[in-house]
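Participant: model this:
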Amino acid sequence: MKLETVWRVEDGRRLASTLWRAGPGHRMISSAMLGGGIGPAGWVLNAQVPGAYARTDPVAHLAELAAAGGLEGPGVGMLTAASVARTVRRDGEGVSVSATVGLRVPTWAASPAGAPDPELAPLDEDATPAWKPGTINIVVAVPVELSDAALVNAVVTATEAKTQALLEAGFPCTGTASDAVCVAAATGGTPEVFAGPRSAWGARIARTVHAAVRAGALDYAARLEARG
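Facilitator: A predicted model of the protein is given here:
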């Protein structure tokens, strides 16, 4: 996975994005708003936006950023309020992972019914809840083909590894309210039908995601401590 970091100025702020021009020969599964689902895709864009993101058309925004980066055809686009310039890369056993980790509002996946998440709560009781960009975005690339079921399994495996890494780094949470994940698998050859954490490729995905997210979470914690 060859990542490019590009910069733009938006609303007076200098913001980073990472681009992975994967090219043809990939199928991806993603929870991202742009290019989400399962299908062929040739690129992944992870763009930083301000924490107080106010646009109500994030999909159109991502399409604009993709066009500005010269990205054409189907691809995946994600937004985050985390520092994209501090994206962590880890490679191991044929798996490549990039993780952008920010934990401004860590949360548990299962919370009491009716309890608003601080990141998604409206500013006042008459306001519409504001959409906030996800703060942990994970991109995984594997050099083998995965069946549809294995792609879904790989997302579960990556998410479990993410949570394990966050807990080990001292954050009592499963993530943030709107994290995103993308798994890209090469096409060609006999598809792998399993990607759980004890399968051959699932185990490799789990270890590499865990290493990337743990490093990103520890980096985030160190910056919090430095700010006092």
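
Participant: Run through the residues that contact the residue nearest in space to the middle of the chain.
Facilitator: Most central in the chain under CA atoms, centre = their mean is residue 137, positioned 1.8 Å from the mean C-alpha point. Residues near residue 137 by CB atoms under 8 Å, 6 or more residues apart in numbering: 46, 78, 80, 82, 99, 100, 179, 180, 181, 182. To be clear about C-beta, it is placed using only N, CA and C from the backbone, and glycine gets the same treatment.

Participant: Pipe these into TSV and attach distance to residue 28 and secondary structure per row.
Facilitator: Listed next are the contacts of residue 137 as TSV, based on distance: CB to CB, whole Å; DSSP: H, G, I helix; E, B strand; the rest coil:
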residue	distance to residue 28	secondary structure
46	13	strand
78	12	strand
80	18	strand
82	21	coil
99	16	strand
100	17	strand
179	17	coil
180	12	strand
181	10	strand
182	6	strand
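
Participant: Only whichever of the residues you listed are buried, select them in PyMOL.
Facilitator: The PyMOL command for the buried members of those (criterion: 16 or more other CB atoms under 10 Å) is given here:
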select buried, resi 46+78+80+82+99+100+179+180+181+182
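
Participant: Which two of the contacts of residue 137 have the greatest separation?
Facilitator: 82 and 182 (15.4 Å; CB to CB).

Participant: Now name the helix or strand holding the residue nearest to residue 86 when sequence neighbours are not counted.
Facilitator: Closest residue to residue 86 in three dimensions, ignoring its sequence neighbours and counting by CB to CB, 6 or more residues apart in numbering: residue 219, at 6.3 Å. Using DSSP states H and E, residue 219 falls within helix 200-227.

Participant: Quick one: mean pLDDT for that helix?
Facilitator: Helix 200-227 carries an average pLDDT of 95.

Participant: circling back: residues contacting the residue nearest to residue 86?
Facilitator: Neighbouring residues of residue 219 by CB under 8 Å, 6+ apart: 86, 88, 101.
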